[in-house]
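> Give me a 3D structure for the following:
(one chain, ligands or ions: 1)
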Amino acid sequence: MEKIVINGGRRLTGEVAISGAKNAAVAIVAATILCDEPCIVENVPEISDIAICLRIFKAMGADIQVINKNTIRFDTRNIRKPSVPYELARTMRASSYFLGTLLGRFHEAFVPLPGGCDLGDRPIDQHLKAFSALGAKDDIVNGCVHVKADELIGSQIYFDFNTVGGTMNAIFAAVKAQGLTIIENAAKEPHIVDLANFLNAMGADIRGAGTDVIKVRGVEYLKGTTYAVIPDQIEAGTYMVAAAASRGDVLIKNVIPKHLESITAKLRAMGISVQEFDDSVRVSVGDGPFIRTNIKTMPHPGFPTDMQPQFSTLLTLAEGTSTVIDDIFDNRFRYASELRRMSADIQVKGTVATIQGVKRLTGAPVKATDLRAGAAMVIAGLAAEGTTEISDIYHIERGYEGIVDKLSALGADIKLVYTPSNDELAVSV
Ligand code: EPU
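Reported below is the predicted structural model:
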């Protein structure tokens, strides 16, 4: 069992380069199933969610070549059966993307039911509604979602609310369907646009990605391409907040500043300097106190739920009382009790957190309760006095490439430490 150990109180300074976006990469990698030729994906982050995807591909018979750690060649032509192995798919939410991609290619898919997870219940009713609009039927067989269509025929899909995964799956199923599919009330996140750009580079006909209405005209054949994943908006935002919380001065490189606007605006509202350049942002903190502010998470271009735990952590150090509302998932404040162990004053009622700023955080043993909560613990540890030990860091490894190395290079006193778990100790007795 590995832990991250941080001796806090060091200012972060220098430069950090942002990796490819997890939430774009998991969709793009899944989309290679639709490609009729080999294709190469660049700027793939080296994170455990991608490692699991690659294992799923290999188990399904695809030919995967890791050209270097961030560049992967996919040849999925050898996949014969539209089913994803149970034990692998259960471990990642984005495995639901195999439903859309296998359905798009084979007109049938068996994918283990995505269970409840660390953010609460994660239903897929909107995904299934999209498949049904295109002519597919669904049922549950031995714990797997089974979707099947004699043929997929373009249609109108109207989402009841904003869903990133539902929009991705609708695009996957529509891209080779007959005729025109119109997706209304579509999600607008940068990773939706990136998926559409990737598919269009292979010869798909997708228009309007990034707006509420996406039009997909089905094509018969998708050719090979080489495509680079966009930089990770949330990784970039996490380093912006880490720089601020440590009262540092950091140039965050390889970003798309436009994707960061909601985060930039809130940092500036707190009195923190953010300078924007073509493909980098610089975050620097002067001597003054952090100014309190309120946050309400929203779908893109609003403030992202995936930045809420990290930003709330920064707000624990602001003067005065801040309110944070996050109702996108049921369970996004589980980190609050961990932060309280570090002397933060954060009270949660339902989907609202009230944060009373404190003068300082203090190091403590804490847990990463999910991916972004884990990033929040890292930020808290960097800002705190004393030593913070973060356990359950496999959550963090799902989405942050080389976080310990990147923060060390910025001057943090941070290391990975191996401690045997109780199970391992019991075996060695
Ligand atoms: N929802 C339904 N039914 C559905 C689909 C979604 O009720 O059929 C609900 C969800 O339970 C949630 C809300 O709708 O309450 C929004 O869910 P959405 O489908 O947008 O989320 P997702 O596709 O499961 C992606 C990201 C999440 C990110 C959310 C919101 C990926 C792989 N995951 O999840 O990322 O929080 O969008 O932006 O893209 C993360 O990276 O840490 C992460 C959790």
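> Quick one: name the residues of the stretch 251-400 of the chain near the ligand.
Contact residues, the stretch 251-400 of the chain versus the ligand (C-beta under 6 Å from any ligand atom): 305-306, 328-329, 371-372, 399. For the C-beta atoms, the positions are set from N, CA and C on the backbone; glycine is no exception.
> Mind picking the two most distant members of those residues?
Greatest spacing in those, by C-beta to C-beta: Ile328 and Gly399 (16.7 Å).
> Compare these two and say which one has the larger neighbour count.
Taking other C-beta atoms under 10 Å, Ile328 and Gly399 do not tie; Gly399 has more neighbours (27 against 18).
> residues from the stretch 1-150 of the chain in reach of the ligand?
So far as C-beta under 6 Å from any ligand atom goes, the stretch 1-150 of the chain lies against the ligand at 22-23, 26, 93-94, 119, 122-127.
> now the residue of the stretch 151-300 of the chain found nearest the ligand, nearest residue through space, not along the chain?
The nearest approach of the stretch 151-300 of the chain to the ligand comes at Gly165, 2.8 Å away (C-beta to the nearest ligand atom). Leaving aside its sequence neighbours, Gly165 sits nearest to Ser96 (C-beta to C-beta, 6 or more residues apart in numbering; 5.8 Å).
> just checking, that neighbour touches His127?
Yes - between Ser96 and His127 there is a contact under C-beta atoms under 8 Å: 6.3 Å.
> Name the residues contacting each of those two.
165, 169 (C-beta atoms under 8 Å, 6 or more residues apart in numbering).
> if we can go back for a sec, just the closest of the residues of the stretch 1-150 of the chain next to the ligand to Ile230, please.
Nearest to Ile230 out of these is Asn23 (C-beta to C-beta; 9.9 Å).
> Isn't the closest one up against His191?
Yes - shown here, Asn23 and His191 form a contact pair, counting by C-beta under 8 Å, at 4.4 Å.
> Give me the domain ranges for the protein.
Following automatic domain parsing, one finds the domains of the chain at 2-18+232-425, 22-228.
> roughly how far out does the first one sit from the chain middle?
Here the centre of mass of C-alpha atoms in domain 2-18+232-425, compared against the chain's by C-alpha atoms, centre = their mean, to the nearest Å, lies 15 Å away.
> Residue ranges in the stretch 201-350 of the chain under the pLDDT threshold?
By pLDDT under 70, the stretch 201-350 of the chain has no low-scoring segment.
> Next up, the contacts around Tyr221.
36, 203.
> so where does it fall, helix or strand?
Using DSSP states H and E, Tyr221 sits in no helix or strand.
> Could you check how far it is from Cys35?
Noted for Tyr221: a distance of 9 Å to Cys35, by C-beta to C-beta, to the nearest Å.
> do Ile252 as well
Counting by C-beta to C-beta - Ile252 and Cys35 are separated by 32 Å.
> which one of those two has more residues nearby?
Taking other C-beta under 10 Å, Ile252 and Cys35 do not tie; Ile252 has more neighbours (28 against 24).
> Can you tell me who that one pairs with across the strands?
Ile252 has these beta-bridge partners by DSSP bridges: Val16, Val281.
> thought it was touching Met240?
Yes - with contact defined as C-beta under 8 Å, Ile252 counts as touching Met240 (6.1 Å).
> what's the overlap in contacts for the two?
By C-beta under 8 Å, 6+ apart, the residues touching both Ile252 and Met240 are 281, 283.
> residues near Gly411, how many?
Gly411 - counted by other C-beta under 10 Å - has 16 other residues nearby.
> Where does it sit: helix, strand or coil?
Per DSSP: H, G, I helix; E, B strand; the rest coil, the secondary structure class of Gly411 is coil.
> ditto for Arg73
Assignment for Arg73 (three-state DSSP): strand.
> Distance-wise, check it relative to the ligand.
Separation of Arg73 from the ligand (C-beta to the nearest ligand atom, to the nearest Å): 23 Å.
> Next one, pLDDT for that residue please.
With respect to pLDDT, Arg73 scores 98.
> Then Gly120?
pLDDT, read off for Gly120, is 68.
> Same drill for Ser96 and His127, tell me which one is more crowded.
Higher neighbour count among Ser96 and His127: His127, with 27 against 24, using other C-beta under 10 Å.
> neighbours around the residue nearest to the more buried one when sequence neighbours are not counted, how many?
Leaving aside its sequence neighbours, His127 sits nearest to Asn169 (C-beta to C-beta, 6+ apart; 4.5 Å). Neighbour count of Asn169, defined by other C-beta under 10 Å: 29.
> next one: the one 5 residues further on
The number of residues packed around Ala174, counting by other C-beta under 10 Å, is 32.
> From Gly100, how far off is it?
9 Å.
> Then Asp249?
43 Å.
> More neighbours: those two, which one.
A side-by-side neighbour count of Asp249 and Gly100, using other C-beta under 10 Å, places Gly100 first with 32 against 17.
> Just give the nearest non-adjacent residue to that one, would you?
Phe172 (3.0 Å).
> that's a strand at that neighbour, yeah?
No - the assignment for Phe172, made by three-state DSSP, is helix rather than a strand.
> residue ranges for the strands of the stretch 1-150 of the chain, please.
Applying DSSP state E, counting those that start in this stretch to the stretch 1-150 of the chain gives strands spanning 2-7, 13-17, 39-42, 63-68, 71-75, 108-112, 137-141, 144-148.
> okay, the ones you listed, which one's buried deepest?
strand 108-112 (a mean of 23; mean count of other C-beta atoms under 10 Å).
> what's next to that strand, contact-wise?
82-84, 86, 89-90, 95-96, 98-103, 141, 143-149.
> Could you rerun that using 10 Å?
The contact list for strand 108-112, computed with C-beta atoms under 10 Å, 6 or more residues apart in numbering, reads 33, 56, 81-91, 95-103, 124, 131, 136, 138, 141-150, 172-173.
> Next, the angle strand 144-148 makes with that strand.
With axes from the mean of the first three to the mean of the last three C-alpha atoms, to 10 degrees defining the directions, strand 108-112 sits at 170 degrees from strand 144-148.
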